[in-house]
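1. Return atomic coordinates for the entry below.
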Amino acid sequence: MIERGSARGFYRIARGGKSAILMISDGMDQDYDRFINIGLYLNKHHFPIPTILDFEADEFTTLVEDLGDETLYKSLLANGPDETLYQRIINALANLQAEGTRTFRKPSAPILRTFDRSYLRWETAYFSDNFLGALCGISMEDRAALEREFDELAVVTDSHPKVLIHRDFQSHNIMITPQGIYFVDFQGARFGSAGYDIMSLLNDPYAELPDPLRRRLEAYFRTRLAEYLPEAADPEAMMITAGLQRNMQALGAYGFLALTKGKRDYLAYVPWGFRMLLDGLSRLESLATPPLRLERLTRLLRGLKLPETTAEKPRQ
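-> Coordinates of the predicted model:
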């Protein structure tokens with residue numbers, strides 16, 4: 001089978017009553033080496049990812065532990081949102097941020113990218129090109145008028161305390177097993193805003209969590225964050241601004257996958273992603289002391305009518 005948003009193939013191999021997952025990439029996969037280097041280091045320090053059993057770099061193949069088929073996404077489809085399960089996932093995320101940051105700061109650790117201002121601006125440019133422009137038909141002139149606000153958002157998000165982040169922390173990349181919570185698709189890990197992964201999880205368009213539950217889980221995360229990152233002076237503002245970054249990245253990805261890659265079923269997730277973006281902008285405005293104002297963007301998006309689509313959510 002093919003991974004949903006990429007060209008990687010994943011195949012279950014069984015022998016003698018045991019199974020493993022064969023991942024096949026190609027020479028164009030810039031994340032292959034990162035998957036191996038980051039994964040082996042996470043394995044060495046007992047973080048909850050599948051064990052890398054073997055790999056052949058010349059052939060871009062990797063054999064990894066089989067964790068089964070139960071993702072958070074499938075659990076949501078079958079049972080609906082479980083607050084206790086989400087708290088367990090947040091506890092695992094808190095450990096990744098706290099212990100993972102210390103572990104990857106060691107001299108022996110692989111060199112990780114930093115989610116800095118330039119990369120944050122790449123995300124909002126991706127959103128501008130693939131969502132606002134290609135999908136919604138916003139003119140280049142109108143999009144150019146947003147550049148200053150995108151710059152300001154990047155500056156604010158770059159100022160947040162930086163921890164180890166997964167970078168794509170959503171329901172398809174979280175495995176639920178009898179042994180506990182595991183994270184997959186971790187090759188994008190880097191140092192970035194402590195608010196990015198949590199808002200990726202709670203604003204996830206694949207999950208569509210009810211607002212009251214999202215607020216309770218945000219509060220739960222803030223209690224955990226205070227234990228290992230007390231210097232985060234305004235965690236709510238940090239989470240809102242990092243969440244805006246993530247929402248825009250996701251919408252840009254849906255536009256790119258639908259229009260450039262021909263995977264039009266991703267358009268089914270646009271309405272919820274757009275709703276989460278508007279919610280974040282409203283919350284930013286309502287802060288007693290907003291770290292920035294995104295007035296042009298807010299005005300444009302509140303007047304935007306999404307293109308109609310008959311896309312259906314992909315069957316899993």
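
2. How about the contacts made by the residue nearest the centre of the chain?
-> Central residue of the chain (CA atoms, centre = their mean): D168, 2.5 Å from the mean position. If you count contacts by CB atoms under 8 Å, 6 or more residues apart in numbering, D168 has them with 185, 188, 200. Bear in mind the C-beta positions are built from the backbone N, C-alpha and C, glycine included.

3. tell me which element the last one is part of?
-> Read that as S200. Taking DSSP states H and E as the criterion, S200 maps to helix 196-202.

4. residues of the helix or strand just after that helix that come out buried?
-> As assigned by DSSP H and E, the chain's next helix or strand after helix 196-202 is helix 211-228. Buried residues in helix 211-228, defined by neighbour count with 16 or more other CB atoms under 10 Å: 214, 217-218, 220-222, 224-225, 228.

5. got a list of contacts for helix 211-228?
-> Counting by CB under 8 Å, 6+ apart, 81, 83, 86-87, 90-91, 93-94, 97-98, 194, 198, 202-203, 209, 232, 235-236, 239, 279 sit against helix 211-228.

6. average pLDDT for the helix holding S200?
-> For helix 196-202, the mean per-residue pLDDT is 98.

7. and the contacts of helix 211-228, which of them are in strands?
-> Among the contacts of helix 211-228, DSSP state E puts none in strands.

8. Just the buried ones from these?
-> So, by 16+ other CB under 10 Å, the buried ones in these are 81, 86, 90, 93-94, 97-98, 194, 198, 202-203, 209, 232, 235, 239, 279.

9. can you tell me which two in those residues are farthest apart?
-> A98 and D279 (28.0 Å; CB to CB).

10. circling back to that earlier point, want to try CSV for the buried residues of helix 211-228, with distance to I13 and pLDDT as columns?
-> As requested, the buried residues of helix 211-228 are exported to CSV (distance: CB to CB, whole Å; pLDDT from 0 to 100):
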residue, distance to I13, pLDDT
R214, 39, 98
L217, 37, 98
E218, 40, 98
Y220, 39, 98
F221, 37, 98
R222, 43, 98
R224, 38, 98
L225, 40, 98
Y228, 39, 96
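
11. Reformat the residues you listed as a markdown table; add distance to F55.
-> A markdown table is the format used below for those (distance: CB to CB, whole Å):
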| residue | distance to F55 |
| --- | --- |
| R214 | 38 |
| L217 | 36 |
| E218 | 38 |
| Y220 | 37 |
| F221 | 34 |
| R222 | 39 |
| R224 | 34 |
| L225 | 35 |
| Y228 | 32 |
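
12. Let me see the ranges of the strands in the stretch 1-150 of the chain.
-> 9-15, 18-24, 52-56, 61-65 (DSSP state E, counting those that start in this stretch).

13. Of those, which stretch is the most buried?
-> Mean neighbour count (mean count of other CB atoms under 10 Å) peaks for strand 61-65 among those, with a mean of 18.

14. Tell me, what's the model's pLDDT at I2?
-> 41.

15. Kindly apply the preceding question to M276 instead.
-> pLDDT, M276: 98.

16. Check the burial of it by counting its neighbours.
-> 24 (other CB atoms under 10 Å).

17. helix/strand/coil for it?
-> Counting by DSSP: H, G, I helix; E, B strand; the rest coil, the backbone at M276 sits in helix.

18. where in the stretch 151-300 of the chain is pLDDT low?
-> Residue ranges of the stretch 151-300 of the chain with pLDDT under 70: none are present.

19. and the gap between P271 and L251?
-> 10 Å (CB to CB, to the nearest Å).

20. neighbour-wise, which of the two wins?
-> Each of P271 and L251 has its neighbours counted (other CB under 10 Å); L251 has more, 24 against 13.

21. How much space separates the residue lying closest to that one once chain neighbours are set aside from D265?
-> Spatial nearest neighbour of L251, excluding adjacent residues (CB to CB, 6 or more residues apart in numbering): F131 at 4.3 Å. Plainly put, F131 is 16 Å away from D265 if you go by CB to CB.

22. And R216, by the same measure?
-> 31 Å.

23. again, but for F256
-> 14 Å.

24. Comparing the two, which shows the higher neighbour count?
-> F256 (20 against 16).

25. The more buried one: what's it in contact with?
-> The contact partners of F256, taken as CB under 8 Å, 6+ apart, are 126, 130, 134.
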